[in-house]
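Engineer: Fold the stuff below for me.
(2 chains)
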Amino acid sequence: KNQVEQSPQSLIILEGKNCTLQCNYTVSPFSNLRWYKQDTGRGPVSLTIMTFSENTKSNGRYTATLDADTKQSSLHITASQLSDSASYICVVSGLGGGGNKLTFGTGTQLKVEL
Amino acid sequence: ETGVTQTPRHLVMGMTNKKSLKCEQHLGHNAMYWYKQSAKKPLELMFVYSLEERVENNSVPSRFSPECPNSSHLFLHLHTLQPEDSALYLCASSQARTSGNSYEQYFGPGTRLTVT
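Structural biologist: The predicted structure is shown next:
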């Protein structure tokens, strides 16, 4: 069964600090992995997308890594800001059925405090 | 944010009511999706429309009825819902997926539904 597990479930950090969120998946065959940011009361917004051959991708203060061998990804946030407070969702796309199937993680709830 | 809009943003309904959720996309996409997001659970894909045809229905109860009159609009008709149906309902759109290709889904802000 395709699964995406994220850790930690929630995290509180001080403004200006760095943090790393983890994503482990069992989706196979693999197509790509995306990290989404979901602010409270809003829909998810894509931060990064990585395919099998990509190890790292950055989007401003967000850097995602992918190890396709161990089926792990991480999202590193540098110099956190209050606006980074949100849920971060890992989504893995697998191949099958003539198209791609998305498997969603439950998300990591990040809170950045003063 | 304005690429995919959803109305209403909040809805409270009784179990005997009939209501509809509306989604509109202004991105020129030809695939649209309904998701259910419950607390501490992954997003659950409910329905997929591609080129205005329903291509996926993930064992959703018949009290949820989707409608896609054209590639820009998507509705979710609700009737005789249960309290456990209370959740955030998200609409998304993308280019229609093809074999081997995955296109990014753009999400609307969601409708927060409470069934009393």
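Engineer: can you give me the end-to-end distance of stretch A:23-30?
Structural biologist: Between the opening and closing residues of stretch A:23-30 lies a distance of 14 Å (C-alpha to C-alpha, to the nearest Å).
Engineer: same question for that stretch, mean pLDDT?
Structural biologist: Stretch A:23-30 shows a mean pLDDT of 91.
Engineer: Next: stretch B:32-45.
Structural biologist: Confidence over stretch B:32-45, taken as the mean pLDDT, stands at 92.
Engineer: Any buried residues in that stretch, and which?
Structural biologist: B:32-37, B:42-43, B:45 (16 or more other C-beta atoms under 10 Å in any protein chain shown). Where you see a C-beta, it was placed from the backbone N, CA and C, and this is true even at glycine.
Engineer: Distance to A:L82 and secondary structure added to those residues, as CSV?
Structural biologist: Putting the buried residues of stretch B:32-45 into CSV (distance: C-beta to C-beta, whole Å; DSSP: H, G, I helix; E, B strand; the rest coil) gives the following:
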residue, distance to A:L82, secondary structure
B:M32, 33, strand
B:Y33, 31, strand
B:W34, 32, strand
B:Y35, 28, strand
B:K36, 29, strand
B:Q37, 24, strand
B:P42, 26, coil
B:L43, 25, coil
B:L45, 32, strand
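Engineer: Quickly name whichever of those residues is closest to B:L88.
Structural biologist: Sorting the buried residues of stretch B:32-45 by distance to B:L88 puts B:Q37 at the head of the list, at 4.3 Å, by C-beta to C-beta.
Engineer: Leaving out the residues flanking it, which one is nearest to the residue in chain A that chain B sits nearest to?
Structural biologist: Proximity to chain B, evaluated over chain A using C-beta to the nearest C-beta, is greatest for A:G43 at 3.1 Å. Of all residues beyond its chain neighbours, the one nearest A:G43 is B:F107 (3.1 Å), with distances taken as C-beta to C-beta, 6 or more residues apart in numbering or on different chains.
Engineer: And for A:V45?
Structural biologist: Using C-beta to C-beta, 6+ apart and skipping the chain neighbours, the partner closest in space to A:V45 is A:K37 (5.4 Å).
Engineer: That neighbour: what's it in contact with?
Structural biologist: Each residue near A:K37 by C-beta atoms under 8 Å, 6 or more residues apart in numbering or on different chains is listed here: A:44-45, A:47, A:86-89.
Engineer: Now for these: which two are most distant?
Structural biologist: Taking C-beta to C-beta, no two of these sit farther apart than A:L47 and A:S87, at 12.0 Å.
Engineer: Ranking helices and strands of the chain by mean pLDDT, which lands last?
Structural biologist: Here I'm looking at chain A. Across the helices and strands of chain A, the lowest-confidence element by mean pLDDT, DSSP states H and E is strand A:99-104, at a mean of 74.
Engineer: think we crossed wires, I meant chain B
Structural biologist: Comparing every helix and strand of chain B by mean pLDDT, DSSP H and E singles out strand B:53-57 as the least confident one, with a mean of 76.
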